[in-house]
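Novice: Curious how this folds, go ahead:
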Amino acid sequence: MSSRYVPKVSRRSFLAASAGLAASGLGLPRVSYGLQPRGLASIIDLTLCDGCPGKDMPACVAACRNLYQKTVPDPVDPIPRLYPRGMIEDWSKKKQIYDRLTPYNFIFVETAEVEYRGNKSTLFIPRRCMHCDNPACATICPFAANHKMKNGAVVINDNLCVGGAKCRAVCPWAIPQRQSGVGVYLYVMPTLAGNGVMYKCNLCHDLLMEDKIPACMDACPAGAMVIGPREEILADARGRAEHINGFIYGIGENGGTSTIYISPVPFDIIDKAIPQGPGLPHFKPAKRRMAEASVLETLVMGSPLVGIAAGVAGAFSILSRRKGNEGGTE
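Specialist: Numbering: from 1, shown residues only. The predicted model follows:
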């Protein structure tokens, strides 16, 4: 018997079966990634990720950067100073960085040298947005720029975001990253009412709506990342963990997430082995966090500027809806 756990229906076997049935004139019901009624979830299996040896950068990182790096507009020059506090974050001249999260880099792979039960090993760990089930980042955003879509993706609408970074403040992993000098805040009061746009992994929501899988998963040569209907993925994750007597991260963190990690090593050991800081998420237990202020209080603190900003954001929202927001929100 193979020591590797094989789920009941892997993506590869599903595609192979579909092709065989198609050739015989039969068919299987197709998974709709875009309109999955109970949402999607994904697995990142650390027993399979090998960091893509021999490549300039991991395939998942390269695929994501190729798809999204050019979607961030160039900031105005000079970027307006902010009052009373200057919080400019400009990554436009550091686009080459891919070993942490940035507005131009939505996924990275870190390395952890660990020892567990007397055995030393090296783990390669893709890090990106956890796509929480009940994301505080979407709850706290005063301009409704952040949404939990029906298919499970947590998406920031860059036409509405003013870069206030409330989403990053309430995210246990501080995932969203800011690029100053871009976005709608420049048309409101650029020295007082904003600071740019927050960017992060959106689970390739547009691709999901075309019934395609996210670019990082499609590019992974080791099959270390898979996506599917939430209930099936959770069952798959538990099966994988049980098979290797391993560990799961993501099912309960922050009230539950749609990104589930499988590891042969406890996550507290991994957490001690990885660098931490801005753009470098941890693996600690994570309770759901909310800002000290409620959404209403956040709005009041921004008054009267928030009224102006909301009007401009509303106009952008109308334009955005005209483009079509398939998938919706819950």
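Novice: how near is the residue nearest to the spatial centre of the chain to residue 118?
Specialist: Nearest to the mean C-alpha position of the chain, counting by C-alpha atoms, centre = their mean, stands residue 129 at 2.5 Å. Noted for residue 129: a distance of 35 Å to residue 118, by C-beta to C-beta, to the nearest Å. Just so you know, the C-beta spots here come from the backbone N, C-alpha and C atoms, and that holds for glycine as well.
Novice: How about residue 77?
Specialist: For residue 77, the distance to residue 118 - C-beta to C-beta - is 56 Å.
Novice: of these two, who's got more company?
Specialist: Between residue 77 and residue 118, residue 77 has the larger neighbour count (other C-beta atoms under 10 Å), namely 8 against 5.
Novice: what pLDDT does that one get?
Specialist: Confidence per residue is given as pLDDT, and for residue 77 that number is 94.
Novice: Give the closest residue to it in space, chain neighbours not counted.
Specialist: Using C-beta to C-beta, 6 or more residues apart in numbering and skipping the chain neighbours, the partner closest in space to residue 77 is residue 181 (7.6 Å).
Novice: Let me know how buried the one you found is, in neighbour terms.
Specialist: By other C-beta under 10 Å, 23 other residues sit near residue 181.
Novice: Next, it: secondary structure please.
Specialist: Of the three states, residue 181 takes coil according to DSSP: H, G, I helix; E, B strand; the rest coil.
Novice: what do you get for the one 4 residues further on?
Specialist: Classification of residue 185 using three-state DSSP returns helix.
Novice: what separates residue 160 from residue 184, distance-wise?
Specialist: For residue 160, the distance to residue 184 equals 7 Å [C-beta to C-beta].
Novice: Also residue 153?
Specialist: Using C-beta to C-beta, residue 153 is found at 22 Å from residue 184.
Novice: Helices along the stretch 151-300 of the chain, start to end?
Specialist: Assigned helices in the stretch 151-300 of the chain, in chain order: 166-170, 205-209, 215-219, 230-243, 267-273, 295-302 (criterion: DSSP state H, counting those that start in this stretch).
Novice: how about the ones you listed in CSV, adding mean neighbour count and mean pLDDT?
Specialist: Listed next are the helices of the stretch 151-300 of the chain as CSV, based on neighbours: other C-beta atoms under 10 Å; pLDDT from 0 to 100:
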stretch, mean neighbour count, mean pLDDT
helix 166-170, 21, 94
helix 205-209, 20, 95
helix 215-219, 21, 98
helix 230-243, 18, 97
helix 267-273, 17, 98
helix 295-302, 14, 42
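Novice: Residue 103 is nearest to which of those?
Specialist: Using C-beta to C-beta as the criterion, the shortest distance between residue 103 and the helices of the stretch 151-300 of the chain is 11.5 Å, found for helix 166-170.
Novice: Can I get that closest one as PDB, trimmed to CA atoms?
Specialist: These are the backbone C-alpha positions of helix 166-170, laid out as PDB (Å, rounded to 0.1, in the frame of the first residue of the first chain):
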ATOM      1  CA  LYS A 166      -8.800  48.500   8.800                       C
ATOM      2  CA  CYS A 167      -8.800  45.100   7.000                       C
ATOM      3  CA  ARG A 168      -5.200  44.500   7.800                       C
ATOM      4  CA  ALA A 169      -5.700  45.600  11.400                       C
ATOM      5  CA  VAL A 170      -8.400  43.000  12.100                       C
END
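Novice: tell me what it is packed against?
Specialist: With contacts defined as 3 or more C-beta pairs under 8 Å, 6 or more residues apart in numbering; DSSP states H and E, helix 166-170 has these neighbours: helix 136-140.
Novice: Just checking the distance from the helix it packs on to the centre of its chain.
Specialist: 14 Å (C-alpha atoms, centre = their mean, to the nearest Å).
Novice: just checking, next helix/strand downstream of that helix?
Specialist: Counting by DSSP states H and E, the element after helix 136-140 in chain order, helix or strand, is strand 146-148.
Novice: Any idea how many residues pack against the residue lying closest to residue 101 once chain neighbours are set aside?
Specialist: Nearest-residue entry for residue 101: residue 279, 4.2 Å, with adjacent residues in sequence omitted and distances by C-beta to C-beta, 6+ apart. Under the neighbour criterion other C-beta under 10 Å, residue 279 is assigned a count of 18.
Novice: I'd say residue 279 and residue 100 touch.
Specialist: Yes. Checked against C-beta atoms under 8 Å, the pair residue 279 and residue 100 is within contact range at 3.6 Å.
Novice: For stretch 105-120, list every residue counted as buried.
Specialist: Along stretch 105-120, these residues count as buried under the neighbour rule (16 or more other C-beta atoms under 10 Å): 105-110, 112, 114.
Novice: Kindly reformat the residues you listed as TSV containing secondary structure and distance to residue 228.
Specialist: Rendered in TSV, the data for these read as follows (DSSP: H, G, I helix; E, B strand; the rest coil; distance: C-beta to C-beta, whole Å):
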residue	secondary structure	distance to residue 228
105	strand	26
106	coil	21
107	coil	19
108	strand	24
109	strand	22
110	strand	25
112	strand	26
114	strand	28
